[in-house]
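Colleague: my questions concern the predicted model and sequence given below.
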Amino acid sequence: MFGTRILRQAAQHAERTPSIKFLGKRTVPSSVDHTPHPHPASPTHSLPEAWGSGSSHTTFSSYRDHAQQFGPLRKTIKSGDGIGGHSGAQLGPIQPPQGYAFDRNELPARFRRIPLTLAEIEAIESGGAEVFA
């Protein structure tokens with residue numbers, strides 16, 4: 001009956017050893033080489049030919065300012081061009097291109113979800129308890 005209480009008291013008085021071992025205080029290296037290098041898994045083992053010339057980007061930050069990934073990644077959004085800069089009517093029609101669908105119900109029947117049967121609905125709502133009854 002008091003076994004758990006005795007074990008807890010013994011555990012409190014025992015010396016505790018943490019499971020995580022820390023290596024020590026981290027320090028920033030005094031000199032870090034920030035010159036661009038090709039990735040070790042690169043097939044050509046070299047940087048792009050235009051890298052570092054006047055027209056190319058010399059840093060990742062300058063590349064990011066001009067990159068496109070689901071829209072521009074620029075650090076500043078102009079008031080007229082940014083989010084909410086145009087009304088919905090100015091943005092044009094909202095029709096999906098040929099071969100695309102916005103909703104699963106617009107797909108051909110073979111790609112739609114199969115409707116659930118009453119037995120499946122009952123099994124879901126009961127949490128599977130009916131299987132063991």
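Modeller: Cool, the structure landed.
Colleague: elements contacting the longest helix that the chain contains?
Modeller: Counting residues, the longest helix in the chain under DSSP state H turns out to be helix 3-13. Packed against helix 3-13, as judged by 3 or more CB pairs under 8 Å, 6 or more residues apart in numbering; DSSP states H and E, are no other helices or strands. (C-beta placed from N, C-alpha, C; glycine too.)
Colleague: CA atoms only for it - export them in CSV, please.
Modeller: Taking C-alpha atoms only, helix 3-13 is exported to CSV below (Å, rounded to 0.1, in the frame of the first residue of the first chain):
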residue,chain,number,x,y,z
GLY,A,3,5.2,1.0,-1.7
THR,A,4,4.8,3.8,-4.2
ARG,A,5,5.3,6.5,-1.5
ILE,A,6,8.5,4.8,-0.3
LEU,A,7,9.8,4.6,-3.9
ARG,A,8,9.1,8.2,-4.5
GLN,A,9,10.8,9.3,-1.3
ALA,A,10,13.8,7.2,-2.2
ALA,A,11,13.9,8.7,-5.7
GLN,A,12,13.8,12.2,-4.2
HIS,A,13,16.8,11.5,-2.0
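Colleague: roughly how far is it from the heart of the chain?
Modeller: With CA atoms, centre = their mean, to the nearest Å as the basis, helix 3-13 stands 44 Å off its chain's centre.
Colleague: any idea of the mean pLDDT in that helix?
Modeller: Across helix 3-13, the average pLDDT comes to 76.
Colleague: quick check: end-to-end length of stretch 19-33?
Modeller: Stretch 19-33 has an end-to-end distance of 35 Å (CA to CA, to the nearest Å).
Colleague: where do the helices of the protein begin and end?
Modeller: 3-13, 60-66, 88-91, 118-125, 129-132.
Colleague: how about CSV for these, with mean neighbour count added?
Modeller: Output for the helices of the chain, formatted as CSV (neighbours: other CB atoms under 10 Å):
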stretch, mean neighbour count
helix 3-13, 9
helix 60-66, 11
helix 88-91, 7
helix 118-125, 10
helix 129-132, 8
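Colleague: adding distance to residue 103, write the ones you listed out as JSON lines.
Modeller: Shown next, in JSON lines, are these (distance: least, CB to CB, whole Å):
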{"stretch": "helix 3-13", "distance to residue 103": "56"}
{"stretch": "helix 60-66", "distance to residue 103": "34"}
{"stretch": "helix 88-91", "distance to residue 103": "19"}
{"stretch": "helix 118-125", "distance to residue 103": "22"}
{"stretch": "helix 129-132", "distance to residue 103": "33"}
